[in-house]
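Enquirer: structure for this input, please:
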Amino acid sequence: MSPHPSPAVIARYADPAADLDEVAMWSVEVHLEECAHCRAVLAGSTTDGSRDLLARVAAGLDAGIGAGPAPAPRRRWAAMYHRWLVWHLVPWLTMTVTVLACAVGLQAARPSLPSLVALLAPVAPLPGVAIAWSRRADPAWELIAGTPAAGLGMLLRRTAGVLAVVVPALALASERTGTSLALTLLPCLAFTAATLALGAVTGVRLAAIGLGTAWTAAVLVPAVVNAELPPVLRPGASPFWALLALALAAVAALRAADFRRLSSHN
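Expert: Just a heads-up that it's a prediction; the model follows:
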C-alpha cells in the first residue's frame, strides 16, 4: 500500500467544493508537510478558480507593498551593538569597576593586606560574562537565540565587550598597586575561559556563579584572613595560568555546538 495519498484524494483536497471528511483532510495536510512530491502533485491539482484566487491575492499584496511606506532604513550600528554589548550589562560593568577601585583604595589604606586586586582579578569578569547572553537578563534572548548569529559566536562577542571594560580597569588597578600585570590578566582570562567551557554543560550563568563562589571560598577569604597570597598568585605562577587559559579556551571551542541548544540555558 502506497504511503502517499492517491492523486484523486489530493485533487479532492484541492477542490473546496469536494466533500472530503475531516480525518482524511487532516491526514493529507500532515503528509504534505513532509512530502515534496505530493506538494508538487497538489500544485498541479488546483482548480482554475483556486489559481485565479491565488493570482488575485498575489497581485493585491504586490500593489499594497508598492503603495505602502518605504521600509525603514537598516541601522547597522544597532545590529552591531546587540552583537557586542547590551544595556543590561552596564550596571554590572559599573559595579565591577567600582569594586576594583575600592580594592585599590583599601590596598592603599591597609598595605598589610594581600593584593586585593590580584585576588579579585579571576572573578572580576564573571558577573558580566554571566549575563552577557542570558535568557534571564536579555529581553530579546529568545529572538536572538533563533538567529544564525547566536551560539558561541554571540557569547564570545559579548564576552569580548565585557573584557574590553574589565581588562583596562585591572591593568590600571595593577599599576596603582604595584601588582604583577601577568598575575592579574592571565587569571582573569583563565576564569573567563573556564566559565565558557563549563557553561557549555551547565549554562554560563550557573558556571559563573559556581566558579566565583568556589574561588571566593577556597582562595579569596582564606587569603584575606591569613593576610597572605596563595601560591597560585605568587611570582612564577604565570605559565600555569597561561596554559590553563589556552586549554580551557580549546575546550570551549570544541563544545561550541552546545551553545546552540535552547535547553542548555545558555
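
Enquirer: neighbours around residue 211, how many?
Expert: 21 (other Cβ atoms under 10 Å). Any C-beta I mention is one placed from the backbone N, CA and C, and that applies to glycine too.

Enquirer: lowest-scoring secondary structure element of the protein by mean pLDDT?
Expert: Ranked by mean pLDDT, DSSP states H and E, the weakest helix or strand in the chain is helix 76-84, scoring a mean of 54.

Enquirer: and the next element down the chain from it?
Expert: Next in sequence after helix 76-84, counting helices and strands by DSSP states H and E, comes helix 90-109.

Enquirer: which strands or helices does the helix or strand just after that following helix pack on?
Expert: Next along the chain after helix 90-109, taking DSSP H and E as the criterion, comes helix 116-120. For helix 116-120, the packing partners by 3 or more Cβ pairs under 8 Å, 6 or more residues apart in numbering; DSSP states H and E come out as helix 90-109, helix 152-177, helix 182-202, helix 221-226.

Enquirer: try it again at 7 Å.
Expert: Applying 3 or more Cβ pairs under 7 Å, 6 or more residues apart in numbering; DSSP states H and E, one finds that helix 116-120 contacts helix 90-109, helix 152-177, helix 182-202.

Enquirer: centre of the chain to that helix, how far?
Expert: In terms of Cα atoms, centre = their mean, to the nearest Å, the centre of helix 116-120 is set 28 Å apart from its chain centre.

Enquirer: same question, stretch 168-184
Expert: 29 Å.

Enquirer: same check on stretch 199-208?
Expert: Distance, centroid of stretch 199-208 to centroid of chain: 11 Å (Cα atoms, centre = their mean).

Enquirer: go on, stretch 214-229?
Expert: Centroid separation between stretch 214-229 and its chain, computed with Cα atoms, centre = their mean, is 32 Å.

Enquirer: now stretch 120-134
Expert: Chain-centre distance of stretch 120-134: 13 Å, with Cα atoms, centre = their mean.
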